[in-house]
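Trainee: Sequence first, predicted model second:
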Amino acid sequence: MSCEIEDLEIHKGKTFTRVIRWETTPFLYKAISAITKAAPAVVTATAHGVPDGWRVAIVSAGGMREINAKYNPPRPSEFHRAKKLSADTLELNEVNSAGFTTYTSGGYVQYYTPVDLSGYSARMTIRDQVGGTSLLSLTTVVENGRIVLDNTAKTITLTISATDTALVTWSEGVYDLEMVSSGGVVTEILAGTIKAFDEVTT
């Protein structure tokens, strides 16, 4: 997938954490056998393979048509963050299906393929402007370890400690997050602006 644009915020003296999930094509589909009428909705899809916290869309479900994505492929707003309850069930915390029509049959959980993170390292630099002075760096290597890759959970976690954010003297910058494969291929997956706000409670 192309690089996502997201603006971030740091609050000085507070720990900054951002969990990223790197999605790619093709879409994966897992057949649905049940959807509860409840808040939140629970979807049964045997051996769904969806990592905890991944975004999923529901398509072609019979009966409970209110839960289905309206567009093909689904638009970003039609994906829901899924909580993995088991190898066969997912909870959609954003979806209250209590008032929906009863599910009858069919349908699929549709989601992007999680990128295999094995062999990757990651790096992120915050600068005052594109091509400008480096303000802060995050890496997965011994240099600072502010990025942690979890290939089981398929997560990329950015962390800046409260001690380090307290030392920030700048108020705004730009950043990009790059993934580097074992073969040296560099892929930019996230970029945007980042603002740093003064601490109120110390």
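Mentor: Ah, there it is. Numbering: from 1, shown residues only.
Trainee: Residue 81 bridge partners, please.
Mentor: residue 55 (DSSP bridges).
Trainee: so how many other residues sit close to residue 139?
Mentor: Residue 139: 16 surrounding residues under other C-beta atoms under 10 Å. Using the backbone N, CA and C atoms, a C-beta is placed for each residue, glycine as well.
Trainee: list the buried ones in the longest strand seen in the chain?
Mentor: Once the chain is assigned using DSSP state E, the strand that runs over the most residues is strand 186-197. By neighbour count on 16 or more other C-beta atoms under 10 Å, the buried set for strand 186-197 is 189-191, 194, 196.
Trainee: For that strand, which helices and strands make contact with it?
Mentor: Applying 3 or more C-beta pairs under 8 Å, 6 or more residues apart in numbering; DSSP states H and E, one finds that strand 186-197 makes contact with strand 4-5, strand 8-11, strand 172-180.
Trainee: can you do 6 Å?
Mentor: Secondary-structure packing of strand 186-197 (3 or more C-beta pairs under 6 Å, 6 or more residues apart in numbering; DSSP states H and E): strand 8-11, strand 172-180.
Trainee: Looking at the ones you listed, which one is packed in the most?
Mentor: Most buried of the helices and strands packed on strand 186-197, by mean neighbour count (mean count of other C-beta atoms under 10 Å): strand 172-180, with a mean of 19.
Trainee: how's the chain carved up into domains?
Mentor: Domain assignment for the chain by automatic domain parsing gives 4-22+116-197, 25-113.
Trainee: re the thing from before, pLDDT averaged over the longest strand of the chain - what is it?
Mentor: What strand 186-197 shows for mean pLDDT is 97.
Trainee: and residue 142, what pLDDT?
Mentor: At residue 142, the predicted lDDT confidence score is 79.
Trainee: Look at residue 66 and give its secondary structure.
Mentor: helix (DSSP: H, G, I helix; E, B strand; the rest coil).
Trainee: Distance of residue 163 relative to residue 129?
Mentor: In this structure, residue 163 and residue 129 are 26 Å apart, going by C-beta to C-beta, to the nearest Å.
Trainee: go on, residue 161?
Mentor: Going from residue 161 to residue 129 by C-beta to C-beta gives 25 Å.
Trainee: So for these two, which residue has more residues nearby?
Mentor: Taking neighbours as other C-beta under 10 Å, residue 161 and residue 129 compare with residue 161 leading, 13 against 9.
Trainee: Do I have it right that residue 64 meets residue 101?
Mentor: Yes. Using C-beta atoms under 6 Å, residue 64 is in contact with residue 101, at 5.3 Å.
Trainee: neighbour count winner among these two?
Mentor: Set side by side, residue 64 and residue 101 show more neighbours around residue 64, with 20 against 14, by other C-beta under 10 Å.
Trainee: contacting residues for the more buried one?
Mentor: 35, 100-101, 103 (C-beta atoms under 6 Å, 6 or more residues apart in numbering).
Trainee: List just the nearest of these to residue 177.
Mentor: When those are compared for distance to residue 177 (C-beta to C-beta), residue 35 wins out at 35.1 Å.
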